[in-house]
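Engineer: Model the following, please.
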Amino acid sequence: MTNETENTNLPAPPSAPRRTRSVAGGLALLLSLVTLVGLGYVWYVLSYKAHIVGLDVTRSFQAQSAALVQLDHKIATLDTTQSADRKAVKDLAQREASLATTHRPGRHWRVRAAADLLLIANDQLRFQHDIPLALLALHQAQRELRRQSDPRLIPVRRAILQEILRLRALRRQHTSTMALELVALAHSARTLPLAVPRVLRATPPAAAKAGPQPFWRRAAYGIWRDFRNLIRIHKEPVHERALLAPKRAYFVRENLELRFYGAQLALLEHRPALVTADLDAAGRWINRYFDVKARASQVVLTKLGALQKRTSALKWPDISQSLHLLRKLSRAAS
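Structural biologist: Sure thing, here's the model as predicted:
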């Protein structure tokens, strides 16, 4: 009896391990299904992309084949055109050779070319003041007349030679001295004092009235005094100087130096118009950014004015004698 009672009081075995095994098996099955689905999707995507890539490759190959066919057609057309052009050029060369042998150009062709060159030389010297281009035109005209080998053109050639010597002498006229003066002005630009803006003088305070004042009068006087100090009206007979930061003063001086060096280069190239333009720009730059009342600035402006007068007073020689002689000979021959 006691044994049966003890057997009935024993606890039942635990059923948890069976549930755990069933849950683990379900999870494994779910993971395997997910893996199979993922592998199937990846296979589908790869096969679809391979199909698309194959279609693109086929289309691009067909397009390239069509382009190559068109290119071959264009090359054939160009070859045909090039052969036709070669034939035309050959025919023109043959015609030119035949014309050169049958109809040789006479003296009038070279004489007219020399007259045009002399006219260009006169125009460049008179209107543009361009000595190098005038010299080049004179040398070319001399070369054309020398090829003509006509003794009647010797006076014209002699006149052209004299005009060339005059222009060469003009190139050496006061060039070195003026160039050195421009270099000195460029160096002095580094020490010129910059313009300082005029400082307004403070309004002297009004003398306080003797005796006690009422409150409203003192308040009104204080408001009026603050308003007068806030707004100031003054008359300036000349334009205000430009305000420059200390870092920008370097660029102002460099620009002034570049103006002087540009005038020197134009002087050495014998271009008086450019020299005058650069000197005028330098004068305006000094009047705008530098203190014109300082002694150094006045000295620079005086030298600058003297250089401008010397540049405008340069005498240009007359090179029209050869042109008149050539035209006279041409009229006599015709």
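
Engineer: Low-confidence bits of the stretch 201-334 of the chain, can you list those?
Structural biologist: For the stretch 201-334 of the chain, the stretches flagged by pLDDT under 70 are 201-211, 231-247, 313-315, 334.

Engineer: quick one, helices of it?
Structural biologist: Applying DSSP state H, counting those that start in this stretch to the stretch 201-334 of the chain gives helices spanning 215-230, 249-268, 272-289, 295-312, 321-333.

Engineer: got any ranges where the stretch 1-150 of the chain has weak pLDDT?
Structural biologist: For the stretch 1-150 of the chain, the ranges with pLDDT under 70 are 1-23, 49-57, 61, 92-93, 95-107, 129.

Engineer: now with 50?
Structural biologist: For the stretch 1-150 of the chain, applying pLDDT under 50 flags the ranges 1-8, 10, 16, 102-105.

Engineer: quick one: the helices in it?
Structural biologist: Taking DSSP H, counting those that start in this stretch as the test, the helices found in the stretch 1-150 of the chain are 2-8, 16-102, 107-123, 131-148.

Engineer: Turn those into JSON lines, including distance to Phe290 and mean neighbour count.
Structural biologist: For glycine as for every other residue, the C-beta is placed from the backbone atoms N, C-alpha and C. Below are those laid out as JSON lines (distance: least, Cβ to Cβ, whole Å; neighbours: other Cβ atoms under 10 Å):
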{"stretch": "helix 2-8", "distance to Phe290": "123", "mean neighbour count": "8"}
{"stretch": "helix 16-102", "distance to Phe290": "65", "mean neighbour count": "10"}
{"stretch": "helix 107-123", "distance to Phe290": "40", "mean neighbour count": "19"}
{"stretch": "helix 131-148", "distance to Phe290": "33", "mean neighbour count": "19"}
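
Engineer: Using TSV, please lay out those together with distance to Glu181.
Structural biologist: Below are the helices of the stretch 1-150 of the chain laid out as TSV (distance: least, Cβ to Cβ, whole Å):
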stretch	distance to Glu181
helix 2-8	135
helix 16-102	57
helix 107-123	30
helix 131-148	20
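
Engineer: Leu301: which of those helices is closest?
Structural biologist: Leu301 lies closest, by Cβ to Cβ, to one member of the helices of the stretch 1-150 of the chain: helix 131-148, at 28.5 Å.

Engineer: Distance check, the closest residue to Val111 other than its chain neighbours against Ala113.
Structural biologist: Distance criterion Cβ to Cβ, 6 or more residues apart in numbering; nearest residue to Val111, sequence neighbours excluded, is Ser330 at 6.0 Å. From Ser330 across to Ala113, the span is 12 Å (Cβ to Cβ, to the nearest Å).

Engineer: before we move on, back to that, quick one: the residue nearest to Val111 and Ala115 touch, right?
Structural biologist: Yes. Judged on Cβ atoms under 8 Å, Ser330 makes contact with Ala115 at a distance of 7.1 Å.

Engineer: and this protein, what are its domains?
Structural biologist: 34-88, 107-172+318-333, 174-195+242-313 (automatic domain parsing).

Engineer: From the rest of the structure, what touches stretch 110-120?
Structural biologist: 133, 137-138, 140-141, 144-145, 147-148, 153, 156, 160, 319, 322-323, 326-327, 329-330 (Cβ atoms under 8 Å, 6 or more residues apart in numbering).

Engineer: contacting residues around the closest residue to Ala294 other than its chain neighbours?
Structural biologist: In space, and not counting its chain neighbours, Ala294 is closest to Pro193: 4.7 Å by Cβ to Cβ, 6+ apart. By Cβ under 8 Å, 6+ apart, the contact list for Pro193 reads Phe290, Asp291, Ala294, Ala296, Ser297.

Engineer: most neighbours, which of the residues you listed?
Structural biologist: Among these, Phe290 has the most neighbours (other Cβ atoms under 10 Å), with 22 neighbours.

Engineer: how about it, what does it touch?
Structural biologist: Per Cβ under 8 Å, 6+ apart, neighbours of Phe290: Leu192, Pro193, Leu194, Ala195, Ser297.

Engineer: Would you check that my belief about the fourth one contacting Asn287 is correct?
Structural biologist: No. At 9.1 Å, Ala195 does not count as touching Asn287 under the criterion of Cβ under 8 Å.

Engineer: Which one's more surrounded, these two?
Structural biologist: Neighbours per residue (other Cβ under 10 Å) separate Ala195 from Asn287, with Ala195 holding more: 22 against 15.

Engineer: Mind pulling up the pLDDT for the more buried one?
Structural biologist: For Ala195, the model assigns a pLDDT of 77.

Engineer: From Tyr289, how far out is it?
Structural biologist: For Ala195 relative to Tyr289 (Cβ to Cβ), the value is 6 Å.

Engineer: try Ala219
Structural biologist: Using Cβ to Cβ, Ala219 is found at 47 Å from Tyr289.

Engineer: neighbours of Arg157, just the number please.
Structural biologist: Burial of Arg157 is recorded as 19 neighbouring residues (other Cβ under 10 Å).

Engineer: Using the three-state scheme, assign it.
Structural biologist: Secondary structure for Arg157, judged by DSSP: H, G, I helix; E, B strand; the rest coil, is helix.
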